[in-house]
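Asks: Below: sequence and its predicted model.
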Amino acid sequence: MNIETTITTLLKDGFILVFNQNKLDLVKTAEALMTAGINNMEVTCRIDKPLEKLERLRKALPGFVAGAASLIDWPDMLDVYNKRHPNDPLPSLQQVVDAGACYLVSAVNFSEAGFQKFGGRVAMIPGCGSAGEVVRQYAQGANLCKVFPAKQLGGPAFIKAIDPAIHKMISLVPTGGTNASNIPDYIQAGVLVLGGSFSMIEKATLQQIIDERDYKRLAEELTSVKQLIDELRAAQYPGIDFKNASLAQISEATGRDFNIE
């Protein structure tokens with residue numbers, strides 16, 4: 001799957017689910033997302049056997065845009081961590097790409113070496129905590145920039161504050177504390193894609209979904225998220241149909257650049 005297709009899918013979806021639940025089946029969760037009209041998901045490397053699960057997902061649903069997250073693109077730190085956790089090591093960028101990852105996500109910046117190796121070939125979404133980090137990561141090749149932890153950084157107000165500094169050109173993906181109550185404010189602030197975990201679902205409902213492996217109910221909850229985002233983006237950008245628009249059309253309508261040459 002090429003980088004343009006990947007980024008276009010993320011923009012059409014408007015939402016990236018952070019898969020961080022060992023008790024739920026990865027493929028069945030992806031199928032629930034597809035039922036909800038969402039065709040991507042990031043698989044965090046904090047779950048058990050992330051490489052095996054990522055490979056299984058890509059084989060089962062080759063058209064589904066699967067990403068890998070919680071990546072540490074700093075060899076020295078990765079080496080220290082993996083020596084301390086030999087039975088549960090963190091994979092490298094190369095390992096998740098080999099497993100089929102269509103996009104790469106980190107809570108922190110990617111290294112210059114990481115961009116040199118994968119930039120322009122695999123979609124890259126680094127974690128950033130300031131306007132300076134956003135600009136530096138974009139300059140090295142980031143396609144979108146994850147704002148993390150969004151809630152602790154200030155939520156929608158933080159996005160509004162730094163967007164003028166980046167000339168409203170780089171697309172920000174707030175992750176951490178996103179929910180139905182603040183999604184409208186994020187969209188109004190110019191956000192095109194939001195990241196969120198299962199915590200977006202009410203606790204009792206989520207527990208029932210996990211306990212009963214109720215993927216039909218999961219699809220219903222995810223459909224509500226998707227519909228909310230679609231309605232808000234349609235109101236914010238009345239001249240564009242995100243479902244059918246090309247990457248170039250989305251860029252022109254929103255003013256955002258996605259670092260695709």
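Replies: Yep, that arrived.
Asks: tell me the SS of the nearest residue to Ile210 once chain neighbours are set aside?
Replies: Closest residue in space to Ile210, ignoring its immediate chain neighbours: Lys23 at 5.1 Å, by Cβ to Cβ, 6 or more residues apart in numbering. Glycine gets a C-beta too; all of them are placed from N, C-alpha and C. Following DSSP: H, G, I helix; E, B strand; the rest coil, Lys23 is assigned to coil.
Asks: residues near Lys23, how many?
Replies: 9 (other Cβ atoms under 10 Å).
Asks: now it: how far from Glu212?
Replies: With distances taken as Cβ to Cβ, to the nearest Å, Lys23 is found 11 Å from Glu212.
Asks: which phi and psi does the residue nearest to Ile210 have?
Replies: With angles defined as degrees, to the nearest 10, Lys23 sits at phi -80, psi -10.
Asks: Which stretches in this protein count as strands?
Replies: Taking DSSP state E to define them, one finds strands in the chain at 15-19, 40-44, 65-69, 103-105, 123-125, 127-128, 145-147, 172-174, 194-196.
Asks: Surely the residue nearest to Ile210 is in contact with Ile209?
Replies: No: in this structure Lys23 lies outside contact range of Ile209 using Cβ atoms under 8 Å: 9.7 Å.
Asks: Check which residues of the longest helix seen in the chain are buried.
Replies: Across the chain, the longest stretch assigned as helix under DSSP state H is helix 215-236. Neighbour-count burial for helix 215-236, counted by 16 or more other Cβ atoms under 10 Å, picks out 215, 217-219, 221-223, 225-226, 228-230, 232-233, 236.
Asks: check contacts around Thr205.
Replies: Remark: with contacts taken as Cβ atoms under 8 Å, 6 or more residues apart in numbering, Thr205 is in contact with Arg217, Glu221.
Asks: 7 Å instead?
Replies: For Thr205, the contact set (Cβ atoms under 7 Å, 6 or more residues apart in numbering) comprises Glu221.
Asks: roughly how far apart are it and Leu218?
Replies: With distances defined as Cβ to Cβ, the gap from Thr205 to Leu218 amounts to 9 Å.
Asks: go on, Ile187?
Replies: To Leu218, Ile187 is 23 Å away according to Cβ to Cβ.
Asks: same check, this time on Leu11
Replies: Leu11 is 23 Å from Leu218, by Cβ to Cβ.
Asks: what does Leu71 give?
Replies: Leu71 is 25 Å from Leu218, where distance means Cβ to Cβ.
Asks: now do Asp73
Replies: Asp73 is 31 Å from Leu218, where distance means Cβ to Cβ.
Asks: what does Asp13 give?
Replies: Asp13 is 16 Å from Leu218, where distance means Cβ to Cβ.
Asks: what do you get for Ile229?
Replies: Taking Cβ to Cβ, one finds Ile229 at 17 Å from Leu218.
Asks: Same check on Ile209?
Replies: Distance of Ile209 to Leu218, computed by Cβ to Cβ: 5 Å.
Asks: swap in Val43?
Replies: Looking at Val43 against Leu218, where the rule is Cβ to Cβ, the gap reads 16 Å.
Asks: What of Phe118?
Replies: From Phe118 to Leu218 the distance is 31 Å (Cβ to Cβ).
Asks: what's the answer for Asn87, then?
Replies: 30 Å.
Asks: give me the number of residues near the nearest residue to Gly196 once chain neighbours are set aside?
Replies: In this structure, Gly196 finds its nearest non-sequential neighbour in Thr178, 4.4 Å apart by Cβ to Cβ, 6+ apart. As a burial measure, the neighbour count of Thr178 was computed by other Cβ under 10 Å and equals 25.
Asks: Also Met124?
Replies: Taking other Cβ under 10 Å as the neighbour definition, Met124 ends up with a count of 27.
Asks: so what's it bridging to?
Replies: Counting by DSSP bridges, Met124 is bridged to Leu104.
Asks: Give me the pLDDT for it.
Replies: Reading off the confidence values, Met124 has pLDDT 98.
Asks: what's the answer for Glu261, then?
Replies: 80.
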